[in-house]
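Chemist: turn this into a model:
(2 chains)
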Amino acid sequence: MDARLTQFTTVPSSPTFAEAAVRLRGFTRSFGENTIISGLDLEIGAGEFVVLLGRSGSGKTTLLRTLAGLDPVDGQDVTVPSSRAVVFQDARLLPWKKVWRNVALGLKGANARDAAQDALQEVGLGHRLEAWPLTLSGGEAQRVALARALVREPGLLLLDEPFAALDALTRLRMHELVLSLWRRHRPAVMMVTHDVDEAIALADRVILLDGGKIVAQERITAARGAERAGIAPPLRQRLLSALGGVVEERPADVVALHAGARP
Amino acid sequence: MSALKQLTRTIGGARWLSPLLLLAVLEAGSRTGLIPERTLAAPSKVLATLWTMTVSGELTANLYVSFLRILAGLAIGVTTGVVLALVAGLSRQGEVAVDPLMQIKRTIPTLALTPLFIVWFGIGETPKIALIAFASIFPVYLNLYSGIRGTDLRLLEGARSLGLSRAAQVWHVILPGALPALLVGLRYSLSISVLVLVVAEQINASAGLGYLINNARDFMRTDIILVCLMIYAGLGLAADGLVRLIERRALAWRPEIVTA
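Modeler: Model (predicted):
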């Protein structure tokens, strides 16, 4: 496998996460002639926050759908937690169910409403329990979607470009919210995005996907916030050039990693 | 002066003015003898007849008979349509089995079946109810079926990603999503049922609105004919109002209603 792990800071390289929540071995997915993902190895530790970066068509959404159980794995070696939840780019709330019923969707037991109420309070929407989803703003709808995912206490939280449609300020607030929810509930997180800054701000580990292969990884151990902002510029530069965004500055070794990729 | 202007503007913009004017012209035509009563009864005469027929119970009794026919026909037709649409909409085999038959049925004008239904069911209540039932199946079937097939796949996938079973997906996502389409179908079925009622009742009926009209025709009582036409229109309006009422309650989540 041509993936490589770049240790960005001076912290020891031993894995921080003892048990793996997600494990894929030589995973391949193709549609007819088209191979989307080929021979992918991936491990995500319990409680680890992984961000998957890649251009359109790099296979990142296919990978997320596989982990979500939305696509068949055809007997391949794929291990995922039994409890998973997805937040999509569009919130996908059922418009005919009030907000709290959307959050409680599929929950069993008499205290489903209480659980939904708690989750909505966590995302700051305790006052919109009885609202219809179509009356929410984009940011509010995404917060409901987050509450709906977290109320299930998932072992793996999958985020598919969840903030791409939000304005810049709302997006920053959502970053704060996601981090605080993640710290409290500690699911393993895999978030798909093509926003390099978002990846740097949130991730324990950034994985670069291109042509269905992992072409680079960066583990970021600097604390989130001011400390991380200090190391961000060179990291962003490296990620961008690995993505092919800044061609002239692309280091030779990364070019070599792209050798097997599609043109 | 401006008050007068205001008044003329209010009157000029009123939509009820032209129908009222037409009634006045008709009334004047009848009074002056320009329109003979055997052609068209005067509006005042029609109102008076409506009043006498209501008081005598003649109208209400016949209306009740017609109403029962519609109710029975619709109950059978709508139920059948819903069941067939669920079968065809929710399963591939169901679609293969049901949809071709429904498409064939669609090509047969319901009223053309009248002779066959009389041969089968005689001239009592059965052929009338059967005709209404047969006609009201298709709008409900077609709309609900396409509503089910038009389910937003993203919502379905969202529900699936939360681990909902197939039955729960149908109950929480597919059926509520298809409800607006079902109500559209129901509205069509209601208006078609009134249409079929008119024709069905003119075959050998001994009671009902159609019977009243037929009788009135024999005696050239245009006033009674007009009263019955008014009742038919009222039935259509009431049916539409009923579906609107259901829509307002069942589709309260829709933004145009939410923001209103």
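
Chemist: so what's the residue in the stretch 1-150 of chain A positioned nearest to chain B closest to, chain neighbours aside?
Modeler: Proximity of the stretch 1-150 of chain A to chain B (CB to the nearest CB) peaks at A:Arg92, 3.4 Å away. Yep, even glycine has a C-beta here, placed from its N, CA and C like the rest. Take A:Arg92 and drop its neighbours on the chain: the residue closest to it by CB to CB, 6 or more residues apart in numbering or on different chains is B:Gly158, 3.4 Å away.

Chemist: kindly export whichever strand or helix holds that neighbour (C-alpha atoms) in PDB.
Modeler: B:Gly158 belongs to helix B:153-161 when assigned by DSSP states H and E. C-alpha atoms of helix B:153-161 as PDB (Å, rounded to 0.1, in the frame of the first residue of the first chain):
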ATOM      1  CA  LEU B 153     -34.500   8.500  -2.000                       C
ATOM      2  CA  ARG B 154     -32.300  10.700   0.200                       C
ATOM      3  CA  LEU B 155     -34.800  10.700   3.000                       C
ATOM      4  CA  LEU B 156     -35.200   6.900   2.600                       C
ATOM      5  CA  GLU B 157     -31.400   6.500   2.800                       C
ATOM      6  CA  GLY B 158     -31.200   8.800   5.800                       C
ATOM      7  CA  ALA B 159     -33.800   6.600   7.600                       C
ATOM      8  CA  ARG B 160     -31.800   3.500   6.500                       C
ATOM      9  CA  SER B 161     -28.600   5.000   7.900                       C
END
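
Chemist: can you give me the mean pLDDT across that helix?
Modeler: Mean pLDDT, helix B:153-161: 93.

Chemist: list the helices and strands it packs on?
Modeler: strand A:84-87, helix B:166-169 (3 or more CB pairs under 8 Å, 6 or more residues apart in numbering or on different chains; DSSP states H and E).

Chemist: list the buried residues in it.
Modeler: Neighbour-count burial for helix B:153-161 flags B:Leu155, B:Leu156, B:Glu157, B:Gly158, B:Ala159, B:Arg160, B:Ser161 (criterion: 16 or more other CB atoms under 10 Å in any protein chain shown).

Chemist: which ones are touching the second one?
Modeler: Put plainly, it is B:Leu156. B:Gln169, B:Val173, B:Ile174 (CB atoms under 8 Å, 6 or more residues apart in numbering or on different chains).

Chemist: for stretch B:53-65, the distance to its chain's centre please.
Modeler: Centre-to-centre, stretch B:53-65 and its host chain are 21 Å apart (CA atoms, centre = their mean, to the nearest Å).

Chemist: what mean pLDDT does it have?
Modeler: On average, stretch B:53-65 scores 92.

Chemist: could you give me the buried positions within stretch A:162-170?
Modeler: For stretch A:162-170, the neighbour count (16+ other CB under 10 Å) marks A:Pro162, A:Phe163, A:Leu166, A:Thr170 as buried.

Chemist: what of stretch A:76-90?
Modeler: Across stretch A:76-90, burial judged by 16+ other CB under 10 Å covers A:Val78, A:Val80, A:Pro81, A:Arg84, A:Ala85, A:Val86, A:Val87, A:Phe88, A:Gln89, A:Asp90.

Chemist: if I look at the second one, how far off is A:Leu67?
Modeler: Yep, that's A:Val80 we're talking about. From A:Val80 across to A:Leu67, the span is 5 Å (CB to CB, to the nearest Å).

Chemist: identify the contacts common to the two.
Modeler: Listed as contacting both A:Val80 and A:Leu67 by CB under 8 Å, 6+ apart are A:Val22, A:Leu156.

Chemist: in chain B, what residue comes closest to chain A?
Modeler: Chain B approaches chain A most closely through B:Gly158 (3.4 Å), counting by CB to the nearest CB.

Chemist: wait, what's in contact with that residue?
Modeler: A:Val86, A:Phe88, A:Arg92.

Chemist: now those as TSV including pLDDT and distance to A:Met190?
Modeler: Below are those laid out as TSV (pLDDT from 0 to 100; distance: CB to CB, whole Å):
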residue	pLDDT	distance to A:Met190
A:Val86	94	10
A:Phe88	93	13
A:Arg92	93	18
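
Chemist: roughly how far does the residue nearest to A:Arg92 sit from A:Gln142?
Modeler: 13 Å.

Chemist: the closest residue to A:Leu235 other than its chain neighbours: neighbouring residues, count only.
Modeler: Nearest residue to A:Leu235, sequence neighbours excluded (CB to CB, 6+ apart): A:Ile200, at 5.8 Å. Counted with other CB atoms under 10 Å in any protein chain shown, the neighbours of A:Ile200 add up to 23.

Chemist: isn't A:Ile200 right up against A:Arg236?
Modeler: Yes. A:Ile200 is within contact range of A:Arg236, at 6.2 Å (criterion: CB atoms under 8 Å).

Chemist: what does the helix or strand where the residue nearest to A:Leu235 lies contact?
Modeler: Using DSSP H and E, A:Ile200 sits within helix A:196-202. For helix A:196-202, the surrounding residues in contact (CB under 8 Å, 6+ apart) are A:49, A:51, A:53, A:163, A:171, A:175, A:178-179, A:191, A:193, A:206, A:220, A:224, A:228, A:232, A:235-236, A:239-240, A:243.
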